[in-house]
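1. Any chance you could fold what I've pasted below:
(chains A and B)
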Amino acid sequence: MSATHPKLARRVRLRFDERDRRYMLIYPERGLVLNESAAEIVKRCDGTRTASDIARELAEQTGAPIERVEADVRTLVARLEDKRLIE
Amino acid sequence: MSAPRPYTLIAEITYRCPLHCVYCSNPVAYKDHADEIATDDWLRILDEAARLGVVQTHFTGGEPLARSDLEALVSRAHERGMYTNLVTSGAPLDRARLEALAERGLDHVQLSFQGADAASSRDFAASDAFDQKLQTARFVRQLDLPLTINVVLHRGNLDAIESIVALAEDLGADRLELANVQFHGFALENRASLMPTIEQLDRAQRIAQDAKARLAKKMDVLFVKPDHFSKEPRACMDGWARRFVQVLPDATVVPCHAAITIASLVFERATSARSLDAIWETSPAMNAFRGDAWMPEPCASCDRKSIDFGGCRCQAFALLGDASRTDPACTLSPHHATVDALVKNARAPDASPRRFVFRGKRA
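-> Numbering: from 1, shown residues only, chains lettered A, B, ... in the order given. Next up is the predicted model:
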């Protein structure tokens, strides 16, 4: 079952990498580079927003269709949950 | 060639340690590098590491808590945006220090156990620290710091793997690293007593896989089959001087914990006159096995050379006396029989009594 209000697992940090100008997730022994749209989603996984809240915000911001954005958000959150990076 | 970007700094800040582990990865001659540099030197090295692109620092040793300036070092690494990891034995036990470290931005604690009971700490670390380790684990969880339990596996504790998994579960660990012993440092000295049998390993691997599946939502379980028992060599350090940079207590810069044993290389010390980044980029020892130009056959034409990077240079040196040979753990190595013989000759777990050299207990 996936979290209603996704947030980063406690061992995971989101970091902006000045050198390569991109966001990455860092956690013990590993790192995961995020593309721009994934970073915008992960930034909002703070335990106060639902996936729908995040999708609504991003759709408003980018003008992209809400259905597509929401599908993207859910796919990414599920992938990160599988890695236990989001809980 | 231009130097790759290291993402991880392994800061071996001291060789002092209350434990005497028989598989300690510190070089057997660790005392040659035990002179400790000052706080300011470490702060400078951390700045230089950040400049090189390091995003994660492991504070390790020895026992890193033995240095009273650890808080200042964690602070600096945190200020530089690094993920900070304390790799500790859990002794000395000190909740106040853990709390201070958490306040300074410590991101993660990796705590070692020798097994699942007090006897394991006595048998393999000549230490009564087991209860302190348990208490340290509880403090870590009370402070809401993420916790990895690390257990080096070998012939003497592989059969206790169920209890080890249960211990990590009880302690509320986020991760359990079941690290099969690699034969460097003191583990190489004690190889005959540490070498598992293939039956032990296969059984432990099955149990670890079951635990991984069962605990998927709660805890990461990592179990890597040791290279002596695999077809291919391990991608040691993700390649020589590629993703990891390590600094010893006396500021000697190496690509891994065992490289200092390679007698044909000269490793430099980071000083105010010769920076970590300069050494990383230009030191002949750092460049000795970067890329693939150094590779002999069968590595040079192998389609796995960008996957395992030719395996472990230190192992080639330790077993064959030449760091530029193909890692003998690889089944394609012309010298694989050396490793094969070690594995086949492994004694049953209850055979002849163990005879260990304990780190720091030798005259």
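2. check contacts around the residue nearest to residue B:78 when sequence neighbours are not counted.
-> With CB to CB, 6 or more residues apart in numbering or on different chains as the criterion, residue B:78 has its nearest non-adjacent residue at 3.0 Å, and that residue is residue B:105. The C-beta positions use only the backbone N, C-alpha and C, and glycine is treated the same way. Residues counted as contacts of residue B:105 (CB atoms under 8 Å, 6 or more residues apart in numbering or on different chains) are B:74-75, B:77-79, B:84.
3. Residue B:71 now?
-> B:97, B:100-101, B:104.
4. The same query, at a cut-off of 6 Å, please.
-> Residues in contact with residue B:71 (CB atoms under 6 Å, 6 or more residues apart in numbering or on different chains) are B:100, B:104.
5. Could the C-alpha coordinates of the helix ranked longest in chain A be exported in CSV?
-> Scanning chain A for the helix with the most residues, using DSSP state H, yields helix A:66-82. The C-alpha trace of helix A:66-82 is given here as CSV (Å, rounded to 0.1, in the frame of the first residue of the first chain):
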residue,chain,number,x,y,z
ILE,A,66,-3.6,17.2,-14.8
GLU,A,67,-4.3,13.6,-15.7
ARG,A,68,-0.8,13.2,-17.2
VAL,A,69,0.9,14.9,-14.4
GLU,A,70,-0.9,12.9,-11.8
ALA,A,71,0.1,9.7,-13.6
ASP,A,72,3.7,10.8,-13.6
VAL,A,73,3.6,11.6,-9.9
ARG,A,74,2.1,8.3,-9.0
THR,A,75,4.6,6.4,-11.1
LEU,A,76,7.6,8.1,-9.6
VAL,A,77,6.3,7.9,-6.1
ALA,A,78,5.7,4.1,-6.6
ARG,A,79,9.2,3.6,-8.0
LEU,A,80,10.8,5.5,-5.1
GLU,A,81,8.7,3.6,-2.6
ASP,A,82,9.9,0.3,-4.1
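6. contacts for it?
-> With CB under 6 Å, 6+ apart, helix A:66-82 has contacts from A:2, A:6, A:38, A:41, A:51, A:54-55, A:58-59, A:86.
7. For that helix, which residues meet the burial criterion?
-> Neighbour counts using 16 or more other CB atoms under 10 Å in any protein chain shown place A:69-70, A:72-74, A:76-77, A:80-81 of helix A:66-82 among the buried residues.
8. Check stretch B:272-283 too.
-> Buried residues in stretch B:272-283 (16+ other CB under 10 Å): B:275-277, B:279-280, B:283.
9. Closest to chain A out of those residues?
-> residue B:277 (12.6 Å; CB to the nearest CB).
10. centre of the chain versus the one helix or strand that closest one maps to, how much separation?
-> Taking DSSP states H and E as the criterion, residue B:277 maps to helix B:276-282. Taking CA atoms, centre = their mean, to the nearest Å, one finds the center of helix B:276-282 at 22 Å from the center of the full chain.
11. for residue B:228, what are its contacts?
-> B:329, B:339, B:343.
12. per-residue pLDDT, it?
-> Residue B:228 carries a pLDDT value of 89.
13. Can you report phi and psi for the residue nearest to residue B:78?
-> phi 110, psi 20 (degrees, to the nearest 10).
14. Not including adjacent chain positions, what is the nearest residue to the closest residue to chain B within chain A?
-> Chain B sits closest to residue A:11 of chain A, with a gap of 3.4 Å, by CB to the nearest CB. Residue nearest to residue A:11 in three dimensions, not counting chain neighbours: residue B:146, with 3.4 Å by CB to CB, 6+ apart.
15. State the number of residues packed around that neighbour.
-> 21 (other CB atoms under 10 Å in any protein chain shown).
16. low pLDDT regions in the chain?
-> You didn't pick a chain, so chain A it is. Applying pLDDT under 70 to chain A flags the ranges A:1-2.
17. not what I meant, chain B
-> B:1, B:348-353, B:362-363.
18. Tell me where it has helices.
-> B:39-52, B:70-79, B:95-103, B:118-125, B:130-142, B:161-170, B:185-189, B:191-194, B:198-214, B:276-282, B:284-287, B:305-308, B:313-320, B:336-344.
19. Now do the third one against helix B:130-142, angle only.
-> To tie it back to what came earlier, the one meant is helix B:95-103. 40 degrees (axes from the mean of the first three to the mean of the last three CA atoms, to 10 degrees).
20. what's residue B:62 in contact with, if anything?
-> B:14-17.
21. Identify the residue nearest residue 53 in space, chain neighbours excluded?
-> I'll assume chain A. Nearest residue to residue A:53 in three dimensions, chain neighbours excluded: residue A:44, at 7.7 Å (CB to CB, 6+ apart).
22. you looked at the wrong chain, it should be chain B
-> Using CB to CB, 6+ apart, the closest residue to residue B:53 is residue B:5 (4.1 Å).
23. neighbours around that neighbour, how many?
-> 14.
24. now residue A:4
-> Based on other CB under 10 Å, the number of other residues close to residue A:4 is 10.
25. circling back: keep only the contacts of helix A:66-82 that also lie close to chain B.
-> Counting by CB under 6 Å from any CB of the partner chain, nothing from these sits close to chain B.
26. In helices, which of those appear?
-> Counting by DSSP H, the contacts of helix A:66-82 place A:38, A:41, A:51, A:54-55, A:58-59 in helices.
27. can these go into CSV with extra columns for neighbour count?
-> CSV is the format used below for those (neighbours: other CB atoms under 10 Å in any protein chain shown):
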residue, neighbour count
A:38, 19
A:41, 24
A:51, 23
A:54, 26
A:55, 23
A:58, 20
A:59, 17
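28. Much appreciated, bye for now.
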